[in-house]
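**Q** 3D model of this:
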Amino acid sequence: MNSIGSPFADDGGAMRNDLENLVTRARAARQNAYAPYSRYAVGAAVLAKSGKIYTGCNIENAAYPSGLCAERVAIFKAVSEGEREFTALAVVTANAGAMCGACRQVLSEFAADDAVIVLAPARGKRRKRVTMKRMLLDRFGAMHLRSKR
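**A** Purely as a prediction, here's the structure:
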């Protein structure tokens, strides 16, 4: 992952603004997190190829496996509205923590190798940015299911 002090310094202005908007939306979504067990609130915002943004927050449950990560909430919300391609995702946690493996796999179903993933802290300007390809190397996908035996 690339850590950069100046958010998105190597991108053009439009891309920087889009990504900052995603981080802002993910921070707002984080406020709705239901995390009474871990106390680790997460917010996510995914940018669809259509230009629409969908947000999600983590939702925990006393039966731990029944909870859902913020990233998958945002992705599933978008897919339920007809979206099938994503160009960027922002995730906000207390410490800019990385996505879990399940969220990486779900995102990879709908994101190209060059999709941008931004990990940001709840406060501050420091960002970690990575592409889908780097986030999930040698990912499993539909192409594997279509191969002949």
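**Q** State which helix of the chain is the longest.
**A** helix 13-30 (DSSP state H).
**Q** tell me what that helix is packed against?
**A** For helix 13-30, the packing partners by 3 or more C-beta pairs under 8 Å, 6 or more residues apart in numbering; DSSP states H and E come out as strand 43-48, strand 53-57, helix 70-80, strand 86-93, strand 111-121. To be clear about C-beta, it is placed using only N, CA and C from the backbone, and glycine gets the same treatment.
**Q** Please settle this for me: is residue 98 part of a helix?
**A** No: counting by DSSP: H, G, I helix; E, B strand; the rest coil, residue 98 falls outside a helix, being coil.
**Q** what's near enough to touch the one residue sitting closest to the centre of the chain?
**A** In the chain, the residue lying closest to the centroid (C-alpha atoms, centre = their mean) is residue 89, at 3.9 Å. Applying C-beta atoms under 8 Å, 6 or more residues apart in numbering to residue 89 gives the contacts 22, 44-47, 71, 74-75, 107, 111, 115-118.
**Q** go on, residue 49?
**A** 83, 85, 86, 87.
**Q** And the pLDDT for residue 148?
**A** With respect to pLDDT, residue 148 has a value of 65.
**Q** for residue 121, same thing?
**A** 97.
**Q** swap in residue 7?
**A** So residue 7 comes in at 41 (pLDDT).
**Q** Also residue 1?
**A** 34.
**Q** still on that earlier bit, quick one: the residue nearest to the centre of the chain from residue 27, how far?
**A** Using C-beta to C-beta, to the nearest Å, residue 89 is found at 14 Å from residue 27.
**Q** Tell me where the model's unsure across this protein.
**A** Across the chain, the ranges flagged by pLDDT under 70 are 1-14, 144, 147-149.
**Q** I'd like to know how far residue 101 sits from residue 91.
**A** Distance of residue 101 to residue 91, computed by C-beta to C-beta: 14 Å.
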